[in-house]
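Chemist: structure, please.
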Amino acid sequence: MRSHNSACHSRPRVRSIVNKWHWLVVAAFVAATTAAFSWGAVPTRAEEIHPPPAESNDNRIVDGSAEGLSGWQGSGFLIDQSWQAAYPATFWPPFWEGPEGPVFEASAGGASITQTDSLSDLASSIDAGTQSLWAEGDFGGSGSGADGAYMTVELLNGAGEVVGKTYQYGPPSPNDRLNSTIMVPCRSPITVSPGARTARITLHTEESAGQPSSATADQLGLRSEPLAIPAIGFSEPRIPGTYVRMDETGGQGPNCGHAELFTVSGPSPKPTELSEAGHEAPAMPARLSDVKLSRSLLTLRVSSPTKINVAITSLPAGGRKRHNSARRAARRVINLTLTAHTAGKLVHRLRPSLSAGRYLLKLSIASGTTPSSVARMISIH
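Modeler: Below you'll find the predicted structure:
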């Protein structure tokens, strides 16, 4: 009798175990079926459409900052990790680094790579006639040569037909580049025709196939709003000499800016009056505020001239219950020092851009003899 009762009591347990295994098998079957269906629905490489980003103002172009070529189709462009601009004079303001590797560089004339990016998340505003887009990029060539890179943007409807006009950015003329191996910005808004559902981005060379080319490009972007880079108050240099600065408008190339030279004359100030970059040395304690980090930009506001040490550390995915080895897996991806020569907003373009994930941002400043720092956790989508 005791044995019978024991068997009776065990049946619910057995039934519970069987039910659990039943649902596990069903879940596995559904997952496998869904995966098989999804893989069957994936478009071919020639038809691949990149999905819209998590943030509406994020760059829709995949690998637009020359992170790689996986987001592109075509041939003739390589990723040059060590390319650097060769300005004909000291660039002003001095914290402008100018485009540098990695950049897109053509291996020969006739190079062309393209990608198609989805606009489906903007469909309602596009069809209402209220949506605009903003395209941009840095484009250049070598020395006084006429070679150069340029980008075209075409909007396509659901049937893959071009709607509206084709927009072109670059190539800048040799005069726009001061006959130097530099890049200049080319950018403008795009009027989006109703019915547009995708954008086809193509990077070209000005030279035809078979001709040599040193065309370069970087920071290609397509956004639902212009990338906000606040103006930074910056006085002219105090040390006499010739300088070069970038004007984002007025270039000879389509929708391009241009570089220009300017001269500063007068007596040189005493060395004790200047910091290493030609400005008065910091005299006030500095404070940081309005700190923002995105994939490609770090922006912050300082109350007075100072130097800021920046450390951006990627954090492993997962919740609180991580093993110590996972914590040690965090790696520092960016270490740099920024110099704010005046009070106000400071903007620094990150190279390479950050990928989606969790980061620890630590900023340290030294105001007189009292250093201070701030750290915060930031998630980038």
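Chemist: quick check: bridge partners of Met151?
Modeler: Tyr169, Leu203 (DSSP bridges).
Chemist: list the contacts of it.
Modeler: Listed by C-beta atoms under 8 Å, 6 or more residues apart in numbering, the contact partners of Met151 are 135, 137, 139, 168-170, 186, 201-204, 217, 220. (Each C-beta comes from the backbone N, C-alpha and C, glycine too.)
Chemist: now it: how far from Pro185?
Modeler: 12 Å (C-beta to C-beta, to the nearest Å).
Chemist: common neighbours of these two, please.
Modeler: Gly137.
Chemist: hang on, isn't Asp218 packed against Asp138?
Modeler: Yes - between Asp218 and Asp138 there is a contact under C-beta atoms under 8 Å: 4.7 Å.
Chemist: looking at these two, which is more packed in?
Modeler: Asp138 (29 against 24; other C-beta atoms under 10 Å).
Chemist: in its sheet, what does the helix or strand hosting that one sit against?
Modeler: Here Asp138, judged by DSSP states H and E, is contained in strand 132-140. Here strand 132-140 is paired, per DSSP bridges, with strand 183-191 (antiparallel), strand 216-223 (antiparallel).
Chemist: show me the strands in the stretch 251-381 of the chain, by range?
Modeler: Assigned by DSSP state E, counting those that start in this stretch, the stretch 251-381 of the chain shows strands spanning 258-264, 288-293, 297-302, 306-315, 331-340, 344-349, 357-367, 370-380.
Chemist: quick one: these as TSV, columns for distance to Val62 too.
Modeler: Shown next, in TSV, are the strands of the stretch 251-381 of the chain (distance: least, C-beta to C-beta, whole Å):
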stretch	distance to Val62
strand 258-264	29
strand 288-293	21
strand 297-302	18
strand 306-315	20
strand 331-340	20
strand 344-349	18
strand 357-367	17
strand 370-380	16
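Chemist: closest to Asp247 out of these?
Modeler: Nearest to Asp247, of all the strands of the stretch 251-381 of the chain, is strand 258-264, at 5.7 Å by C-beta to C-beta.
Chemist: name the helices or strands packed onto the closest one?
Modeler: Contacts defined by 3 or more C-beta pairs under 8 Å, 6 or more residues apart in numbering; DSSP states H and E place strand 258-264 against strand 241-247.
Chemist: what's the strand it packs on in contact with?
Modeler: With contact meaning C-beta under 8 Å, 6+ apart, strand 241-247 is reached by 87-93, 96, 178, 184-185, 237, 257-264.
Chemist: weed out the non-buried ones from these.
Modeler: Tyr87, Ala89, Phe91, Trp92, Pro93, Leu178, Val184, Pro185, Pro237, Gly257, His258, Ala259 (16 or more other C-beta atoms under 10 Å).
Chemist: and for the third one, nearest residue in space, chain neighbours not counted?
Modeler: Closest residue to Phe91 apart from its sequence neighbours, by C-beta to C-beta, 6 or more residues apart in numbering: Val244 at 5.5 Å.
Chemist: for Ala217, see how far away that neighbour is.
Modeler: Note on Val244: its distance to Ala217, by C-beta to C-beta, is 20 Å.
Chemist: who has more neighbours, those two?
Modeler: Each of Val244 and Ala217 has its neighbours counted (other C-beta under 10 Å); Ala217 has more, 30 against 19.
Chemist: pretty sure the more buried one sits against Asp138.
Modeler: Yes - between Ala217 and Asp138 there is a contact under C-beta under 8 Å: 6.6 Å.
Chemist: shared neighbours of those two, which are they?
Modeler: By C-beta under 8 Å, 6+ apart, the residues touching both Ala217 and Asp138 are Met183.
Chemist: is Ala209 in a helix, a strand, or coil?
Modeler: coil (DSSP: H, G, I helix; E, B strand; the rest coil).
Chemist: that one contacts Ser112, correct?
Modeler: No - counting by C-beta under 8 Å, Ser112 is not a contact partner of Ala209; they are 9.5 Å apart.
Chemist: of those two, who's got more company?
Modeler: More crowded of Ala209 and Ser112, by other C-beta under 10 Å: Ser112, with 17 against 12.
Chemist: the more buried one: what's it in contact with?
Modeler: Ser112 neighbours (C-beta under 8 Å, 6+ apart): Gly74, Ser75, Gly76, Thr202, Leu203, His204, Thr205.
Chemist: could you pull out the buried residues of stretch 299-319?
Modeler: In stretch 299-319, counting by 16+ other C-beta under 10 Å, buried: 299-302, 305-308, 310-315.
Chemist: can you redo those residues as TSV with pLDDT and distance to Arg349?
Modeler: TSV is the format used below for these (pLDDT from 0 to 100; distance: C-beta to C-beta, whole Å):
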residue	pLDDT	distance to Arg349
Thr299	82	10
Leu300	80	13
Arg301	78	17
Val302	79	17
Pro305	76	21
Thr306	79	20
Lys307	81	18
Ile308	84	15
Val310	86	13
Ala311	84	17
Ile312	87	13
Thr313	84	19
Ser314	82	18
Leu315	75	22
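Chemist: of all the residues you listed, which two lie farthest apart?
Modeler: The most widely separated members of the buried residues of stretch 299-319, counting by C-beta to C-beta, are Pro305 and Leu315 (31.9 Å).
Chemist: where does the chain have low pLDDT?
Modeler: 1-48, 50-57, 93-101, 227-236, 268-288, 316-332, 366-374 (pLDDT under 70).
Chemist: what domains does the record give for it?
Modeler: Following automatic domain parsing, one gets these domains for the chain: 49-223, 282-380.
Chemist: quick one: closest of those domains to Gly253.
Modeler: Nearest to Gly253, of the domains of the chain and by C-beta to C-beta, is domain 49-223 at 3.9 Å.
Chemist: quickly note the distance from the nearest residue to Glu67 once chain neighbours are set aside to Arg187.
Modeler: Distances taken as C-beta to C-beta, 6+ apart place Pro352 nearest to Glu67, at 6.0 Å, with adjacent residues excluded. In this view, Pro352 and Arg187 are 21 Å apart by C-beta to C-beta.
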